[in-house]
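Chemist: Below are the sequence and a predicted model; questions follow.
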Amino acid sequence: MMKLTEKDKRDRPREKLVAKGAAALTDLELLAALVGSGNAQRDVLTIAADVRALLREAKAQGFLVNYPALSAVPGMGTAKICELLAAFELARRYLPPQTSTPVVLDTPDKIVAQFADIRNKQQEHFVVLTLDGACRLIARRTVFIGTLNASLVHPREVFADAITDRAASVIVGHNHPSGSIDPSPADQEVTRSSFSDILRDETTATAQLQSAFATIGYVL
């Protein structure tokens, strides 16, 4: 596994969180951001990977992760364990429980609804949805915030997490702060240069939450 110090600074968990939001991070990156740092023997990503394995085991077997369990992870000291347990408890108290009903994105209306929260943003938000073979939503991530152009939106940012998710398909979309529902020249250039061999359609979420390239006759 690559060490954190070997990663480009922009790809490190905390820097990535600041630039793109927490939803853009993988589970490993989120845990690394919480753990913070490693020690002389173990890199923070290695420690985070062990904590992730523990969390997955706890979920599969139905037990709660506690202090003794985390203390068994090499590199996890008292301060880090307390920070993690406090974060877990706050999430349990304040975040709504996940619904057991899967979100199925099998119609254009359902897909467009996934972008409702970005329609009035003052900056462009590039959002990626990963789906399984039954069109069920696996994850929703914001991978880019800023001015959309081909040099900034790279396929690697879109498909790295999709590979991790073992997704069968990917949906991408972004907003237009201007409110226009028409694909801009920059949209078309990004689609052609970065995704023309992969993506078949692009939806832009606007105030009307309408329009897709294929709908208006734009052919990739």
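Modeler: Sure thing, it's come through.
Chemist: okay, CA-based contacts and neighbour counts for the rest of this
Modeler: Noted.
Chemist: pLDDT below threshold where in the protein?
Modeler: By pLDDT under 70, the weakly predicted segments of the chain are 1-2, 4-6, 97-100, 147-154, 157, 190-220.
Chemist: can you pull out the helices in it?
Modeler: 13-20, 27-35, 44-61, 67-71, 78-94, 108-113, 155-165, 185-195 (DSSP state H).
Chemist: and those helices as TSV, adding mean neighbour count and distance to P177?
Modeler: Shown next, in TSV, are these (neighbours: other C-alpha atoms under 10 Å; distance: least, C-alpha to C-alpha, whole Å):
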stretch	mean neighbour count	distance to P177
helix 13-20	18	17
helix 27-35	20	29
helix 44-61	17	36
helix 67-71	14	44
helix 78-94	13	31
helix 108-113	14	16
helix 155-165	15	21
helix 185-195	16	13
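Chemist: Dump those helices to TSV, plus distance to T142.
Modeler: As requested, these are exported to TSV (distance: least, C-alpha to C-alpha, whole Å):
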stretch	distance to T142
helix 13-20	6
helix 27-35	14
helix 44-61	22
helix 67-71	30
helix 78-94	20
helix 108-113	15
helix 155-165	9
helix 185-195	17
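Chemist: Check what contacts the lengthiest strand in the chain and list those residues.
Modeler: Ranked by number of residues, the top strand in the chain under DSSP state E is strand 137-146. Strand 137-146 is contacted by residues 19-21, 23-25, 102-105, 123-132, 153, 157-158, 165, 167 when judged by C-alpha atoms under 8 Å, 6 or more residues apart in numbering.
Chemist: Tell me how the protein divides into domains.
Modeler: According to automatic domain parsing, the chain comprises the domains 4-94, 108-205.
Chemist: For the last one, what is the distance to the chain centroid?
Modeler: Put plainly, it is domain 108-205. 11 Å (C-alpha atoms, centre = their mean, to the nearest Å).
Chemist: L131 against V170, yeah?
Modeler: Yes: applying C-alpha atoms under 8 Å as the test, L131 and V170 come out as touching, 6.1 Å apart.
Chemist: who's more crowded, these two?
Modeler: Neighbour count, other C-alpha atoms under 10 Å: between L131 and V170, L131 has more, with 23 against 18.
Chemist: partners of the more buried one in the sheet?
Modeler: L137, S169 (DSSP bridges).
Chemist: One more: F126?
Modeler: Here F126, judged by DSSP bridges, has bridge partners F144, H174.
Chemist: Next one: the residue lying closest to G36 once chain neighbours are set aside from Q123, what distance?
Modeler: Of all residues not flanking G36 in the chain, V44 sits nearest, at 6.9 Å (C-alpha to C-alpha, 6 or more residues apart in numbering). For V44, the distance to Q123 (C-alpha to C-alpha, to the nearest Å) stands at 32 Å.
Chemist: and if you look at A32?
Modeler: 27 Å.
Chemist: what's the answer for A24, then?
Modeler: 16 Å.
Chemist: And those two? Which one has more around it.
Modeler: Per other C-alpha under 10 Å, whichever of A24 and Q123 has more neighbours is A24, with 24 against 17.
Chemist: wait, doesn't that one sit right on L17?
Modeler: Yes: using C-alpha under 8 Å, A24 is in contact with L17, at 7.1 Å.
Chemist: Just the CA trace of stretch 61-68, in PDB.
Modeler: Extracted in PDB, the C-alpha atoms of stretch 61-68 (Å, rounded to 0.1, in the frame of the first residue of the first chain):
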ATOM      1  CA  GLN A  61     -21.100 -10.000  12.900                       C
ATOM      2  CA  GLY A  62     -23.300  -7.400  14.600                       C
ATOM      3  CA  PHE A  63     -21.100  -6.100  17.400                       C
ATOM      4  CA  LEU A  64     -20.100  -2.600  18.300                       C
ATOM      5  CA  VAL A  65     -16.600  -1.400  18.000                       C
ATOM      6  CA  ASN A  66     -15.300  -0.500  21.500                       C
ATOM      7  CA  TYR A  67     -12.100   0.700  23.200                       C
ATOM      8  CA  PRO A  68     -10.600  -2.800  23.700                       C
END
